[in-house]
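**Student:** Could you work out the structure for the sequence below:
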Amino acid sequence: MDNPKKLDDYLAGLGISEADESAPPAPPEPPAGAAALLVATQAQASDARETLEQFLAGLLPRLDPDLSLTVRSGESALEAEIAGERAARLAGRDGRVLGAIEVLAYAVLSRHGYTDVRVRIDAGGFRRRYNENLTRVAERLAVQVAKTGEAHEMQPMPPADRRVIHLALQTHALVQTESVGEGQNRRLIIRPRTEHDPQAAERSPDFEHADRP
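**Tutor:** Predicted coordinates for the structure are as follows:
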């Protein structure tokens with residue numbers, strides 16, 4: 001399955017990049033090849049969930065006709081679950097293909113006026129397992145920081161990953177989290193909790209923008 005190449009073609013046609021972590025601007029008019037992908041999702045959809053569902057239902061058969069799709073309105077985002085025997089392969093290396101699909105989803109939703117809707121797409125449970133691993137890492141680092149009293153600065157990571165760690169440690173009694181830096185160099189610091197700012201993580205911009213690709 002040459003999913004990365006296909007998705008790269010779609011992204012190029014839309015004028016967007018899977019590496020862009022910011023919320024995508026209103027996409028330009030796509031060329032003929034990409035237009036078919038967007039036209040498949042028409043304005044007849046009654047809400048953002050239906051728009052996302054129509055788009056993914058049109059996209060997935062191009063990647064693997066045996067994939068199935070479930071879209072629901074979650075507590076804070078639209079959540080799409082892609083299932084099937086080969087669904088986990090759709091995530092690609094380190095989830096990059098899955099991230100590209102999310103970029104396309106945001107572009108489509110933006111074209112239909114849903115510019116503030118968050119989207120979470122999982123395939124074969126990849127995202128769930130990945131987030132569980134991040135949470136375990138965060139918990140181990142919290143123990144280290146609490147024991148040594150020294151802050152730990154992590155490597156730059158995407159907003160969604162930072163948000164997972166923020167959430168994992170937001171009620172921790174001994175440590176707190178903070179994001180520093182800009183753009184692709186933005187990173188997270190786990191430091192001993194201070195009495196004067198116990199809710200620093202909740203006010204982080206990561207909480208508001210973490211689901212944007």
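
**Student:** Tell me which helix or strand comes right after the longest helix anywhere in the chain.
**Tutor:** The helix of greatest length in the chain, counted in residues with DSSP state H as the criterion, is given as helix 126-148. Where DSSP states H and E defines the elements, the next helix or strand beyond helix 126-148 is strand 152-153.

**Student:** Note down every partner strand of that next one and its orientation.
**Tutor:** When pairs are called by DSSP bridges, strand 152-153 turns out to pair with strand 187-192 (antiparallel).

**Student:** what is the orientation angle of the strand it pairs with with helix 126-148?
**Tutor:** 40 degrees (axes from the mean of the first three to the mean of the last three CA atoms, to 10 degrees).

**Student:** Mean confidence (pLDDT) on strand 187-192, please.
**Tutor:** Per-residue pLDDT values across strand 187-192 average out to 95.

**Student:** in that strand, what counts as buried?
**Tutor:** Residues of strand 187-192 classed as buried under the neighbour-count rule (16 or more other CB atoms under 10 Å) are 188, 190-191. The way it works is simple: take the backbone N, C-alpha and C, and place the C-beta from them, glycine included.

**Student:** got the CA coordinates for it in PDB?
**Tutor:** Output in PDB follows, covering the C-alpha atoms of strand 187-192 (Å, rounded to 0.1, in the frame of the first residue of the first chain):
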ATOM      1  CA  ARG A 187       9.000  21.800  24.000                       C
ATOM      2  CA  LEU A 188       7.700  20.800  27.400                       C
ATOM      3  CA  ILE A 189       9.300  21.100  30.800                       C
ATOM      4  CA  ILE A 190       8.400  19.100  33.800                       C
ATOM      5  CA  ARG A 191       9.300  20.900  37.000                       C
ATOM      6  CA  PRO A 192       8.600  20.600  40.700                       C
END
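
**Student:** Look up phi and psi at Glu182.
**Tutor:** Backbone torsions for Glu182, taken as degrees, to the nearest 10, come to phi -130, psi 150.

**Student:** make that Arg72, sorry
**Tutor:** The main-chain torsion angles of Arg72 are listed as degrees, to the nearest 10 and equal phi -140, psi 160.

**Student:** Ignoring the adjacent residues along the chain, who's closest to it?
**Tutor:** Glu79 (5.5 Å; CB to CB, 6 or more residues apart in numbering).

**Student:** Low-confidence stretches in this protein?
**Tutor:** When residues are selected by pLDDT under 70, those of the chain lie in 1-46, 195-213.

**Student:** How is it partitioned into domains?
**Tutor:** Using automatic domain parsing, the domains assigned to the chain come out as 3-124, 128-209.

**Student:** who does whichever strand or helix holds Arg62 touch, helix- and strand-wise?
**Tutor:** With the criterion set as DSSP H and E, the secondary-structure element containing Arg62 is helix 48-63. Applying 3 or more CB pairs under 8 Å, 6 or more residues apart in numbering; DSSP states H and E, we find helix 48-63 packed against helix 3-14, strand 68-73, strand 78-83, helix 96-111.
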